[in-house]
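Colleague: Prediction below, plus the sequence it came from.
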Amino acid sequence: MKPLPRSFFSRSTRTVARELLGCRLVRQLNGDRLAGIVVEAEAYIGEQDQACHAKVGKTPRTQVMYGPAGFSYVYFTYGMHWMLNVVTAKEGFPAAVLIRAIQPVEGIEVMQDLRRGKNLVDLCSGPAKLTQALGIARGQNGLDLCQPSSELWIESGLVFPRHVIASSPRIGLGETPEPWRSKPWRYLVKNNPFVSK
DNA sequence: AGCACGATTAACT
DNA sequence: GTTAATCGTGCTC
């Protein structure tokens, strides 16, 4: 399969977040192919969105979100964790989708090595778990995911029927002010055990 | 130069 | 349910 085209990612961020569910996230790492089906994602939309890192404007950290869609935005948080996002919307408008969970389907043994032998449902059921399982860190920031022969990309996969998709407020927003705190911009697959806990 | 805090996780009680 | 781990980022002095 080939990477999803830039036109997939350059649409509205919430549409991309919802339609990413069912897609296959692929990581080529040291000759191994690691992959999983996206089952949870969140939209972060523009400088107005007080939960979005771009609320502080364009900085070295946030600049990739201002660039073209289809690039990775990987950032470091809590002194130890890496998070994977895909840049969305039109160039110049800062927005991205956080990949929060995937269902592992390829390269599971390698993922377990990178995750200290965690069992299947704990391998990738959280945004920092999946980056660890896929060997994603600062070196994977700013990659073009639409380029064939990349080390990281997204393919089409399953198509979940609309009635198995749920939405909810985003996770971990802390003291983010309303209305942003309650925006139902998290999308997940209902009753899927690989969604974050 | 120093500070508060974070789109989390794992290991506790 | 609670908390330690651990450091880049953006802001203030």
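Modeller: Structure received.

Colleague: burial count for the residue lying closest to residue A:5 once chain neighbours are set aside?
Modeller: Nearest residue to residue A:5, sequence neighbours excluded (CB to CB, 6 or more residues apart in numbering): residue A:146, at 6.1 Å. No exception for glycine: its C-beta is placed from N, CA and C like everyone else's. Per other CB atoms under 10 Å, the neighbour tally for residue A:146 reads 22.

Colleague: Spit out the contact partners of residue A:146.
Modeller: Each residue near residue A:146 by CB atoms under 8 Å, 6 or more residues apart in numbering is listed here: A:3-6, A:9, A:70, A:153.

Colleague: Let me have the residues you listed in TSV, extended by distance to residue A:192 and neighbour count.
Modeller: As requested, the contacts of residue A:146 are exported to TSV (distance: CB to CB, whole Å; neighbours: other CB atoms under 10 Å):
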residue	distance to residue A:192	neighbour count
A:3	24	20
A:4	21	22
A:5	26	11
A:6	28	15
A:9	23	24
A:70	25	24
A:153	22	24
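
Colleague: got JSON lines for these, with secondary structure, distance to residue A:160 and pLDDT too?
Modeller: As requested, these are exported to JSON lines (DSSP: H, G, I helix; E, B strand; the rest coil; distance: CB to CB, whole Å; pLDDT from 0 to 100):
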{"residue": "A:3", "secondary structure": "coil", "distance to residue A:160": "20", "pLDDT": "97"}
{"residue": "A:4", "secondary structure": "coil", "distance to residue A:160": "16", "pLDDT": "98"}
{"residue": "A:5", "secondary structure": "coil", "distance to residue A:160": "20", "pLDDT": "98"}
{"residue": "A:6", "secondary structure": "helix", "distance to residue A:160": "23", "pLDDT": "98"}
{"residue": "A:9", "secondary structure": "helix", "distance to residue A:160": "19", "pLDDT": "98"}
{"residue": "A:70", "secondary structure": "coil", "distance to residue A:160": "22", "pLDDT": "98"}
{"residue": "A:153", "secondary structure": "strand", "distance to residue A:160": "20", "pLDDT": "98"}
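
Colleague: Among these, find me the one that's closest to DNA strand B.
Modeller: residue A:9 (14.3 Å; CB to the nearest atom of the strand).

Colleague: hmm, back to that, just say helix, strand or coil for the residue nearest to residue A:5.
Modeller: coil (DSSP: H, G, I helix; E, B strand; the rest coil).

Colleague: For it, grab phi and psi.
Modeller: Main-chain torsions, residue A:146, degrees, to the nearest 10: phi -90, psi 0.
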